[in-house]
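>>> can you look at this prediction? I've put the sequence above it.
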Amino acid sequence: METTAEWIRNVSGIEERRYAAEEETVAALAVKAGQDCLERCGAAPGEVGLLLVASGSAERRFPGPAASVAAALGCGETPALDVPLASAGSLFGLALGAQLCGAYGTVLVVAAEKMSTAVQFDAANRGTAMLFGDGAGAALLSAAGGVARVVSSVLHSDGAYAEDLRLEFGKPLEMNGRSVILQASRKVPRAIEEVLGAAGRTPAEIVCFLMHQANQHLIIRIAEALAVPPEKFFSNIHWYGNTSSASLLIAAREWSDARGFRAGEPVVFAAFGAGFHWGALLAEGC
Amino acid sequence: MNPQAQITEILKQVAKKPIPPDPGESLFDSGVLDSFALPELVSRLESEFGISIPDADLAPRKFESIARIEAYLESRR
């Protein structure tokens, strides 16, 4: 690609990104994240009552990766549902999974993306290609409790912008970056204020904001809109790039390792992506 | 200050770059506005002109040139 590391860093904050091996599938990435999550939580695959797999870069029309991931994890005949939403997929998975815990007990939410197959590495497409990386993350939700509880969530979709960010089979990802940034910079802060307002919380009270890692400048812009220091927004985009739906759960895992939930402390999850789909979720340490 | 001069002044403050003299010139193609200066411009237009711009009006092309911004603001009067 005809570009420089400095140019990429200046426009996105991205310094490195990870690419899966050619033979690795979205499902293979999802299985690794799912196994790691179950082991860390001390849960057996048989305990999973519902599996949700978010991905916008799955290799085929159907079946999506969810059923293969369930089989590889050893979840037996556990229902496995694909959430093909790209960047907002893991947030929707977490929000819906939390609602479904009452019916299914334990919900494993996995997000996996092989974005390296969604972009074209030529000079004409460098502005888009350099943003994305591959990755996977996972979270386990349980009616029995855990390190945090989901207090509430808000989810929104507006198909008026469906053409502004899309990936069609056999074609590279297409993005109207100006529209995406313009809408995200207004809709995400509004969603965060909406979920906090419903819980009687303010942005200043939030210990950490875990965002879909799309662009460092967007994260800063959202922090400014909420009048909170950007340091409150966990960021690892410099290391992974934009891994679409996976980025929120990768960020959550790394923040959890570095600091993690503490009793009573509020944490916000938020994402925005193709559709447009966006939303926010408020969690509180137990 | 007329609306065009007011828009130019806001652009100077937001973009911190020389503003093209031709009001019809693209602020995107000329490098005056990047993706992240655009939301800032919209916020400043809202506060300076005392309007609330709905999300549905946030098509980047409406803010592509000084002339288009002026036309949009005129349509909101």
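Noted; the coordinates are in hand. Keep in mind it's a predicted model, so treat the numbers as computed, not measured. Residues are numbered from 1 along each chain as shown, chains lettered A, B, ... in the order given.
>>> need phi/psi at A:M211.
For A:M211, the backbone dihedrals (degrees, to the nearest 10) come out as phi -110, psi 150.
>>> do you know how far A:C101 is from A:G93?
Taking Cβ to Cβ, to the nearest Å as the measure, A:C101 falls 12 Å from A:G93. Yep, even glycine has a C-beta here, placed from its N, CA and C like the rest.
>>> more neighbours, these two?
Shown here are A:C101 and A:G93; by other Cβ atoms under 10 Å in any protein chain shown, A:G93 has more neighbours (28 against 18).
>>> residues contacting that one?
A:L52, A:V53, A:A54, A:V83, A:V109, A:V110, A:A111, A:S245 (Cβ atoms under 8 Å, 6 or more residues apart in numbering or on different chains).
>>> in strands only, show me those residues.
Using DSSP state E, the members of those that fall in strands are A:L52, A:V53, A:A54, A:V83, A:V109, A:V110, A:A111.
>>> narrow those residues to just the buried residues.
Among the ones in strands among the contacts of A:G93, those buried by neighbour count (16 or more other Cβ atoms under 10 Å in any protein chain shown) are A:L52, A:V53, A:A54, A:V83, A:V109, A:V110, A:A111.
>>> near chain A, which residues of chain B are found?
By Cβ under 8 Å from any Cβ of the partner chain, the residues of chain B that approach chain A are B:28, B:34-36, B:38-40, B:42, B:55-56, B:58-60.
>>> now, the most widely separated pair of those residues?
B:D34 and B:A56 (22.9 Å; Cβ to Cβ).
>>> out of these two, which sits in the busier spot?
B:D34 (16 against 9).
>>> where does the more buried one fall, phi/psi-wise?
phi -100, psi -180.
>>> tell me the contacts of it?
If you count contacts by Cβ under 8 Å, 6+ apart, B:D34 has them with A:V11.
>>> measure it to B:K17 for me?
To B:K17, B:D34 is 10 Å away according to Cβ to Cβ.
>>> just A:L100 next, same as before
In terms of Cβ to Cβ, A:L100 sits 50 Å off from B:K17.
>>> more neighbours, these two?
Using other Cβ under 10 Å, the more surrounded residue of A:L100 and B:K17 is A:L100, with 18 against 15.
>>> now do the contacts for that one.
A:L50, A:V107 are the contacts of A:L100 under Cβ under 8 Å, 6+ apart.
>>> can you tell me the helix or strand for it?
A:L100 belongs to helix A:89-104 when elements are defined using DSSP states H and E.
>>> buried set for that helix?
Neighbour-count burial for helix A:89-104, counted by 16+ other Cβ under 10 Å, picks out A:89-98, A:100-101, A:104.
>>> rewinding a little: and chain B, which of the ones in strands among the contacts of A:G93 reach it?
Of the ones in strands among the contacts of A:G93, not one also sits near chain B (Cβ under 8 Å from any Cβ).
>>> and those residues as TSV, adding distance to B:S65 and pLDDT?
Shown next, in TSV, are the ones in strands among the contacts of A:G93 (distance: Cβ to Cβ, whole Å; pLDDT from 0 to 100):
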residue	distance to B:S65	pLDDT
A:L52	45	98
A:V53	45	98
A:A54	39	98
A:V83	40	98
A:V109	45	98
A:V110	46	98
A:A111	40	98
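>>> nearest to A:A27 among those residues?
Of all these, A:V53 has the smallest distance to A:A27: 8.0 Å, by Cβ to Cβ.
>>> so how far is A:G137 from the closest one?
Per Cβ to Cβ, A:V53 is found 11 Å from A:G137.
>>> need the pLDDT of the residue nearest to A:P65 when sequence neighbours are not counted.
Once flanking residues are discounted, A:P65 sits nearest to A:A27: 3.9 Å by Cβ to Cβ, 6 or more residues apart in numbering or on different chains. The score at A:A27 is 98. That number is its pLDDT.
>>> also A:M1?
For A:M1, the model assigns a pLDDT of 51.
>>> ok, back up a step: so which elements touch the host helix or strand of the residue nearest to A:P65?
According to DSSP H and E, A:A27 maps onto helix A:26-41. When contacts are defined as 3 or more Cβ pairs under 8 Å, 6 or more residues apart in numbering or on different chains; DSSP states H and E, helix A:26-41 packs onto helix A:65-73, strand A:106-114, strand A:134-142, helix A:245-258.
>>> for the third one, packing partners?
Helices and strands in packing contact with strand A:134-142 are listed as helix A:26-41, helix A:89-104, strand A:106-114, helix A:245-258; criterion 3+ Cβ pairs under 8 Å, 6+ apart.
>>> could these be laid out in a markdown table, adding distance to A:C286?
Output for the helices and strands packed on strand A:134-142, formatted as a markdown table (distance: least, Cβ to Cβ, whole Å):
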| stretch | distance to A:C286 |
| --- | --- |
| helix A:26-41 | 14 |
| helix A:89-104 | 14 |
| strand A:106-114 | 16 |
| helix A:245-258 | 13 |
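>>> mind checking those for the one nearest to A:V11?
Short answer: helix A:245-258, nearest of the helices and strands packed on strand A:134-142 by Cβ to Cβ, at 17.6 Å.
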